[in-house]
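Trainee: From the sequence below, what's the structure:
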Amino acid sequence: MTSEQNDLVVIGNCQSRLIADCLAAMHPGLRIAAGFSRDIREGAVDIDTLVGSSRVVAVQTAMRRKVAETVQKLGASCEVLELPTLFFTGYHPDFIYAQHGADFVKSPLGNCNSAIVLAGMKAGASAGDIVAMFNADTFRTLGYLDNLGVAESMLIAESEELGWDLEEEVLAWRKFGCSFHTPNHPKTIVAATFARLITDRLSWTPRTRHPEFLIPDTLASNVVWPVYPEIGDAIGVPGEYVFKPSAGGRQAGRPLETLDLEAFVALSLEGYASLDPAGIVAARLDDERLSGLFSAPAKRSASSSRARQPYKGLPNNRFWNRVVAGVPPRDLDPVEKPRTKLRRQTKIATAGSCFAQHIAKALQESGFTYFVAEDGAHLPRDERIERQYGVFSARYANIYTAEQLRQLLEEAEGRRKPVETAWLRPDGRWVDPFRPQVEPDGYDSPEAVAAERATHLGHVRRLIRELEVFVFTLGLTEAWVDKRDGSVFPVAPGVAAGEMDDEKYGFRNFTFEENVESLSAALDILHSVNPQARVMFTVSPVPLAATYEPRHVLVSTTASKSILRAVADHFERTRNVEYFPSYEIITGSYNRGAYFADDLRSVTPDGVKHVMSVFLKHHTSSRAATSMSRELEQAKGVICEEELLSSAG
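Mentor: Prediction:
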């Protein structure tokens with residue numbers, strides 16, 4: 001480096017060079033440089049000159065102290081931007097560094113090792129035994145199959161602490177498949193992300209915002225660790241067992257050297273042969289799940305497999321006595337490895353049964369963007385509340401069943417037109433049969449109802465196109481329908497308005513299969529107009545107020561909630577839907593009914609607070625969001641048509 005002033009220098013490990021290359025491509029008229037930490041430590045580059053001659057210094061966390069000391073010593077006026085030092089295991093959870101004494105343990109890929117191979121070596125396993133461990137069951141046991149979302153959440157949270165909003169960019173990486181060569185060697189798409197963030201922070205105007213398409217991926221010449229096929233299948237990217245050592249000084253024209261799994265394991269063991277297994281140290285190797293893979297490998301055979309204990313070494317959250325009976329009720333946290341992270345600017349929309357209103361209130365009170373497409377902003381505040389503006393993201397009132405949601409979206413998109421358009425109340429006023437309580441004063445004619453509904457459906461159309469995260473609470477399986485076209489009402493005719501007519505209306509109790517079909521259709525509509533929308537399901541813990549089935553209401557409640565919980569599980573397993581366990585937190589036996597009020601139905605303030613504390617802890621990337629701004633109220637202001645059934649008998 002010379003004493004000539006740099007407009008910007010990126011200081012850090014080998015990642016810094018690629019980030020600097022991206023910035024240089026974005027801003028060809030500026031002087032952009034990289035300061036490699038190894039060169040600084042070894043004295044090949046003078047950090048005083050590097051920092052003192054730069055207008056802006058972007059430093060990775062591993063070098064921040066050194067840069068801070070230099071800035072203070074020099075009294076430098078450069079602007080300092082702190083970047084995370086990337087070690088992203090989302091695609092390569094088996095990758096590990098280990099030491100033997102003062103030296104790094106080396107495989108055919110240099111300092112890069114497989115945790116499974118090292119664990120096998122320490123246990124005295126043969127190459128064949130180790131190779132056999134590379135399978136989906138092993139990866140599931142070790143948590144490899146769902147590691148991507150965890151790694152993404154950790155990187156987003158770490159970056160947010162440094163002042164960078166990385167969520168949208170991290171999610172965009174998935175479009176490009178695997179975005180890292182190894183956990184600490186990002187591909188150019190990742191380096192370009194940080195180049196864009198720096199550019200935006202400095203308000204510089206780039207010639208291009210996508211340098212990843214213009215410059216070579218310099219780190220590709222180094223080690224490339226494979227995405228194991230079974231992991232690739234789980235996260236939706238191509239995978240294969242092809243290990244590539246560093247190209248180093250490979251001569252032009254020579255074929256690229258790669259290793260298959262068998263060769264990599266054999267050569268790794270050959271290289272480890274001179275090492276004392278007990279002297280190999282890495283924190284990951286202390287994981288009982290890993291060491292338990294190779295218990296008595298020499299004795300393992302088909303005939304002895306019956307003696308294996310598959311639960312040995314599983315994490316604590318798999319055992320009731322450790323994480324349910326063994327913790328204070330207020331500390332119970334059943335969420336593991338959340339995939340959805342919410343920023344304060346994320347447009348979060350909600351719909352569903354009465355309990356869903358608590359989620360909306362907690363998000364608003366915690367400073368998050370609760371997206372309301374139909375907000376009644378033209379009305380005074382008291383009138384907005386009375387007319388249910390803001391209770392949900394649009395003025396559709398409670399949506400108790402999956403089929404209700406499907407029909408609402410179909411109607412909003414012009415795919416259905418219900419036969420029933422208005423119900424008459426005893427006071428002579430008309431209401432919308434699909435949201436009979438949203439207008440307390442009712443309407444003076446069926447035509448007025450139809451006009452207001454058309455306006456409402458326009459807001460729903462906007463909502464599903466603009467939302468970023470959709471949280472839907474499954475509430476009931478029982479419903480009343482119009483026999484003429486199958487339209488589902490939120491409450492039986494005659495309860496809030498209208499009049500029961502056995503010729504026109506009938507009772508339905510939707511099955512598991514029918515709920516799956518309805519929700520699949522609803523999600524298809526949502527993603528047809530908003531492909532990037534993320535979806536979360538919850539199940540309402542509130543018991544049925546009444547049942548029309550000829551059986552005890554407790555039995556109907558259990559049947560209904562069991563079906564809905566199974567439906568949510570089905571979608572979490574088969575589609576990109578995340579489940580949040582509010583139902584388990586409220587109804588779990590661990591709290592001995594403490595989260596229900598005296599009526600054994602209404603959820604107490606403590607119960608709501610527990611649910612939302614866990615939700616905000618895991619699904620927001622801001623630490624401040626884990627504590628709610630003020631005490632949540634239990635049911636004051638929660639509107640629930642089903643409550644009308646309590647006095648119907």
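Trainee: Report how many residues lie close to the closest residue to Ala362 other than its chain neighbours.
Mentor: Leaving aside its chain neighbours, Ala362 sits nearest to Met612 (3.9 Å; criterion: Cβ to Cβ, 6 or more residues apart in numbering). From N, CA and C alone the C-beta is placed, and that goes for glycine too. Residues lying near Met612 (other Cβ atoms under 10 Å) number 23.
Trainee: Repeat that for Asn147.
Mentor: Counted with other Cβ under 10 Å, residues neighbouring Asn147 total 21.
Trainee: Test my guess that it contacts Phe95.
Mentor: No - the pair Asn147 and Phe95 fails to qualify as a contact (Cβ atoms under 8 Å) at a distance of 11.0 Å.
Trainee: hey, what's in contact with both of these two?
Mentor: Thr89 (Cβ atoms under 8 Å, 6 or more residues apart in numbering).
Trainee: Show the subsequent helix or strand relative to the least confident helix or strand in the chain by mean pLDDT.
Mentor: Least confident element among the helices and strands of the chain, by mean pLDDT, DSSP states H and E: helix 356-365 (a mean of 74). Proceeding N to C from helix 356-365, the next assigned helix or strand is helix 381-386, under DSSP states H and E.
Trainee: Run through who's touching that following helix.
Mentor: For helix 381-386, contacts defined as Cβ under 8 Å, 6+ apart pick out Asp375, Gly376, Ala377, Gly390, Pro440, Gly637.
Trainee: Please tell me which one of these counts the most neighbours.
Mentor: When the contacts of helix 381-386 are compared by neighbour count (other Cβ under 10 Å), Gly390 ends up highest, at 20 neighbours.
Trainee: in the one helix or strand Ile585 maps to, what counts as buried?
Mentor: Per DSSP H and E: Ile585 is located in helix 582-587. For helix 582-587, a neighbour-count test (16 or more other Cβ atoms under 10 Å) marks Ser582, Tyr583, Glu584, Ile585, Ile586, Thr587 as buried.
Trainee: Look up the closest residue to the fourth one, ignoring the ones flanking it.
Mentor: Spelled out, it's Ile585. Val611 (5.1 Å).
Trainee: That neighbour belongs to a helix?
Mentor: Yes - membership of Val611 in a helix is supported by DSSP: H, G, I helix; E, B strand; the rest coil.
Trainee: ok, it - how many residues close by?
Mentor: By the other Cβ under 10 Å criterion, the neighbourhood of Val611 contains 26 residues.
Trainee: before we move on, what about Tyr311?
Mentor: Tyr311 has 8 nearby residues by other Cβ under 10 Å.
Trainee: so what's it up against?
Mentor: Going by Cβ under 8 Å, 6+ apart, the list of residues near Tyr311 reads Arg318.
Trainee: What distance do you get for it to Val516?
Mentor: According to Cβ to Cβ, to the nearest Å, Tyr311 stands 31 Å off from Val516.
Trainee: With Ile19 instead?
Mentor: Counting by Cβ to Cβ, the gap from Ile19 to Val516 is 46 Å.
Trainee: How about Ala394?
Mentor: Here Ala394 is placed at a distance of 25 Å from Val516 (Cβ to Cβ).
Trainee: Give me the more crowded residue out of these two.
Mentor: Counted by other Cβ under 10 Å, Ala394 and Val516 do not tie: Ala394 has more neighbours, with 27 against 18.
Trainee: how about the more buried one, secondary structure?
Mentor: Following three-state DSSP, the label given to Ala394 is coil.
Trainee: Hmm, it is touching Gly458, no?
Mentor: No - the criterion here is Cβ under 8 Å, and Ala394 misses it with Gly458 at 9.6 Å.
Trainee: How about Leu332: what's its closest non-neighbour residue?
Mentor: With Cβ to Cβ, 6+ apart as the criterion, Leu332 has its nearest non-adjacent residue at 5.8 Å, and that residue is Tyr590.
Trainee: residues near that neighbour, how many?
Mentor: Counted with other Cβ under 10 Å, Tyr590 comes out at 17.
Trainee: And for Val170?
Mentor: Residues lying near Val170 (other Cβ under 10 Å) number 20.
Trainee: show me what contacts it?
Mentor: Applying Cβ under 8 Å, 6+ apart, the residues near Val170 are Glu152, Leu155, Ile156, Thr193.
Trainee: Go through these and say which is closest to Asn6.
Mentor: Asn6 has its nearest neighbour among the contacts of Val170 in Thr193, at 21.7 Å by Cβ to Cβ.
Trainee: Now do the same contact list for the spatially closest residue to that closest one that is not a sequence neighbour.
Mentor: Spatial nearest neighbour of Thr193, excluding adjacent residues (Cβ to Cβ, 6+ apart): Glu169 at 4.3 Å. Taking Cβ under 8 Å, 6+ apart as the criterion, Glu169 is in contact with Thr193, Arg196, Leu197.
Trainee: Could you rerun that using 10 Å?
Mentor: For Glu169, the contacting residues are Ile156, Ser159, Ile189, Val190, Ala192, Thr193, Phe194, Arg196, Leu197, by Cβ atoms under 10 Å, 6 or more residues apart in numbering.
Trainee: one step back: which among the buried residues of helix 582-587 gets closest to Gly367?
Mentor: Among those, and counting by Cβ to Cβ, the member closest to Gly367 is Ser582, at 20.6 Å.
Trainee: From what I see, the closest one and Arg565 are in contact.
Mentor: No - judged on Cβ atoms under 10 Å, Ser582 makes no contact with Arg565 at a distance of 11.1 Å.
Trainee: okay, and the common contacts of the two?
Mentor: Val539.
Trainee: how much space is there between the closest residue to Asn6 other than its chain neighbours and Arg64?
Mentor: Nearest residue to Asn6 in three dimensions, chain neighbours excluded: Ser54, at 4.3 Å (Cβ to Cβ, 6+ apart). To Arg64, Ser54 is 15 Å away according to Cβ to Cβ.
Trainee: which intervals of the protein have sub-threshold pLDDT?
Mentor: Within the chain, the stretches with pLDDT under 70 are 1-4, 248-254, 296-309, 312-313, 356, 621-649.
Trainee: what's the domain layout of it?
Mentor: Per automatic domain parsing, the structural domains of the chain span 95-183+225-314, 348-416+448-479+511-647.
Trainee: Give the buried residues for the least confident helix or strand of the chain.
Mentor: Across helix 356-365, burial judged by 16+ other Cβ under 10 Å covers Ala356, Gln357, His358, Ile359, Ala360, Lys361, Ala362, Leu363.
Trainee: hmm, back to that, which two from the contacts of Glu169 end up farthest apart in space?
Mentor: Those two in those that are separated most widely, counting by Cβ to Cβ, are Ile156 and Ala192, at 17.2 Å.
Trainee: Contacts only, for Gly486.
Mentor: With Cβ under 10 Å, 6+ apart, Gly486 has these contacts: Glu403, Gln407, Arg416, Pro418, Val419, Gly506, Arg508.
Trainee: The third one against Glu403, yeah?
Mentor: Looking back up the chat, that one is Arg416. No - contact criterion Cβ under 10 Å: Arg416 and Glu403 do not qualify, at 11.6 Å.
Trainee: The two: which is more packed in?
Mentor: Glu403 (24 against 15).
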